[in-house]
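A.B. asks: sequence plus predicted model, see below.
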Amino acid sequence: MTALERLRRDARRCHAAALAAVEPGRLTAAALRCDRAGIRLVRPGGRLVARHAGPVNVLAVGKAAAAMMAAAVTRLGPAVGRALAVVPPDGPRTIRAGVRVVRGAHPVPSAASVHAGLAALDLAAGTEPDAVLLVLVSGGTSSLLAAPADGVTLADKQAVTRRLLRAGADIAALNAVRKHCSRVKGGGLLRAARRAAGVWTLVLSDVLGDDLATIGSGPTTADPTSFADALDVLERFAAVDASPAVRRRLEAGVRGTIEETLDPADPIVRRGRSVVIGNNATAVEAARRAAVALGYATARLPVIRGDAARAGRALAARVGAMGRGGPRALVAGGEAIVRVVGTGRGGRAQHLALAAALGLDGMPAVVLAVGTDGIDGPTDAAGALVDGTLVCRARRCGIDLVRALAATDSHPALDALGALVRSGPTGTNVADLVVALRGAC
C-alpha cells in the first residue's frame with residue numbers, strides 16, 4: 001500500500017467512525033428509559049427531563065425516521081398507541097408491525113409531503129389527554145412534512161423552495177419562509193397536540209448550533225422569526241416574484257392580518273420537551289478520535305460556513321502550512337453554500353473538495369468532504385475524496401478543473417477522475433464532515 005493509498009483508507013475510516021457515532025437508533029434508544037412506573041425522557045448523559053405513565057403516540061419524520069421509529073417502538077413496547085413514520089422517497093415501506101409508513105419528498109415538497117403533513121396533524125390532534133406525543137425529528141423534515149397555509153398552494157411552496165435553494169439560501173433563511181407558509185411548521189404541530197398530556201421531541205440535528213426552531217422548521221417549538229423576517233429572505237435572495245401568493249401572505253402577515261407562528265410566550269410552549277440526541281459536533285468529534293487512534297496529530301477546525309469554494313481553498317492552505325513532521329489531520333464539520341451557475345451539477349461537499357484539490361496539487365495529502373446523509377446536492381454522491389495528484393491526472397485527461405469550479409460543475413469532473421464518494425443514503429443526517437490528512441514529510 002502506498003502512502004497516498006493509506007491516507008485515503010484512513011480518511012474513509014474517519015468517515016465511518018463519524019457515521020457510527022450518529023447512528024439514529026442507538027441515540028434514540030438511549031434517550032428513552034422504561035420501567036414499571038412508566039417511561040422517562042433523558043438527555044445524553046442520563047439527566048431526567050420528563051416522566052409519563054400512560055400511552056404514547058409516536059411520529060417520526062426525516063432521513064433518520066425509520067431507524068428512530070424502530071428504536072422507539074422497540075424500547076416503548078406496549079406503551080405505543082398510534083405510530084406514524086414519514087420517510088424519504090427511497091425509504092422503507094415497512095418498519096415494524098403497527099407502524100404506518102408514509103413517503104414524502106425531498107428537497108422540494110410534493111403532494112406526498114402534503115399527505116404526510118395532514119396525517120401528522122391528525123395524529124397530533126387525536127392524541128388524548130392521557131397520552132404523550134413523542135416526535136422524532138431528523139434532517140429533511142421540512143420538505144417531507146408539508147401542510148400549506150390558507151391561500152398558499154403546494155405549487156407556490158415548490159416554486160419558492162426551488163428558487164431559494166438555487167440562490168444558495170442557508171437552512172435558517174429557507175425555513176423562515178417555510179414556517180410562515182405552513183400549518184405544521186413553526187410550532188404548528190405542537191398547537192395541534194394541545195389536548196395531549198405533553199409533547200416530547202427527540203432531535204437528530206442537521207443544523208449548526210442546534211436551533212430547535214430551525215431544525216425541521218420547528219414543528220414542536222416556538223418560532224422567534226416573523227413574517228417580516230420571511231419577507232426579508234425573499235428580498236435578499238431575489239425570490240419575491242417566485243410566488244405572488246407567498247408574497248401576498250407574507251405581506252399580510254407583516255400588516256398583522258394573519259396570526260404569527262407560535263410565540264415563545266404562548267403557554268402551550270411549556271408543555272413541550274425537547275432533547276438533542278446527536279449533532280454535527282458528535283460526528284466531528286468521532287472522526288477526530290478516529291484520526292488520533294490512527295496515529296495522526298489532529299486538530300479540530302472551526303465550523304465551516306459560507307462559500308464552499310472559499311472554504312476549500314482555505315483548507316488546502318492550512319494543509320500546505322503544516323510544515324514538516326509526522327502525519328497530521330484536520331477535522332471539521334459544517335455546511336457550506338454553493339450558488340449554482342447555469343446548469344452546473346454538484347453539491348456543497350463536492351464543490352469544496354474540488355476547490356481544495358486545486359490547492360493540494362503535488363502535496364502528500366487528501367481531503368474528504370461528504371454529506372453525512374450520503375446525498376450531496378442533486379447527485380448520487382455523498383461528496384468526494386481528493387488528493388494531491390488530482391490536478392495532474394485531470395491535466396492528462398484534458399479536464400479543466402478551474403473551469404469546472406467556476407461553472408459550479410464539480411460532479412462530472414470528479415466523477416471522471418474517480419474521486420466521488422458514493423455511500424448511498426446513510427439513514428442519518430447531521431450536516432457535513434470534512435477530513436484532511438497529510439502524510440509524514
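C.D. replies: Structure received. Numbers count the residues shown, from 1 in each chain.
A.B. asks: and the protein, what are its domains?
C.D. replies: Using automatic domain parsing, the domain parsing of the chain gives 3-16+281-438, 24-147+182-225+261-278.
A.B. asks: what would these look like in a markdown table with mean pLDDT, mean neighbour count and distance to residue 164?
C.D. replies: (Each C-beta comes from the backbone N, C-alpha and C, glycine too.) Formatted as a markdown table, those follow (pLDDT from 0 to 100; neighbours: other C-beta atoms under 10 Å; distance: least, C-beta to C-beta, whole Å):
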| stretch | mean pLDDT | mean neighbour count | distance to residue 164 |
| --- | --- | --- | --- |
| domain 3-16+281-438 | 96 | 21 | 11 |
| domain 24-147+182-225+261-278 | 95 | 21 | 10 |
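A.B. asks: these: which one's closest to residue 175?
C.D. replies: The closest of the domains of the chain to residue 175 is domain 24-147+182-225+261-278. By C-beta to C-beta, the value is 4.5 Å.
A.B. asks: quote the end-to-end distance of the closest one.
C.D. replies: For domain 24-147+182-225+261-278, the first-to-last residue distance is 8 Å (C-alpha to C-alpha, to the nearest Å).
A.B. asks: tell me how far that domain lies from the chain's centre.
C.D. replies: With C-alpha atoms, centre = their mean, to the nearest Å as the basis, domain 24-147+182-225+261-278 stands 15 Å off its chain's centre.
A.B. asks: got it, and stretch 369-387?
C.D. replies: Averaging C-alpha positions (C-alpha atoms, centre = their mean) puts stretch 369-387 13 Å from its chain's average.
A.B. asks: same thing with stretch 429-439?
C.D. replies: The chain centre lies 16 Å from the centre of stretch 429-439; the measure is C-alpha atoms, centre = their mean.
A.B. asks: need the helices for the stretch 51-200 of the chain, in chain order.
C.D. replies: 65-76, 111-125, 141-144, 154-166, 171-179, 188-192 (DSSP state H, counting those that start in this stretch).
A.B. asks: pipe those into a markdown table and attach distance to residue 418 per row.
C.D. replies: What follows is these, written out as a markdown table (distance: least, C-beta to C-beta, whole Å):
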| stretch | distance to residue 418 |
| --- | --- |
| helix 65-76 | 31 |
| helix 111-125 | 35 |
| helix 141-144 | 31 |
| helix 154-166 | 28 |
| helix 171-179 | 31 |
| helix 188-192 | 44 |
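A.B. asks: just checking, residue 222 touches residue 267?
C.D. replies: No: between residue 222 and residue 267 there is no contact under C-beta atoms under 8 Å: 11.0 Å.
A.B. asks: tell me which strands and helices the longest helix anywhere in the chain is in contact with?
C.D. replies: Secondary structure of the chain read by DSSP state H shows that its longest helix is helix 3-21. Where contact means 3 or more C-beta pairs under 8 Å, 6 or more residues apart in numbering; DSSP states H and E, helix 3-21 is packed against helix 280-293, strand 365-371, strand 383-387, strand 432-438.
A.B. asks: thought residue 369 was touching residue 377?
C.D. replies: No: using C-beta under 8 Å, residue 369 is not in contact with residue 377; the gap is 12.0 Å.
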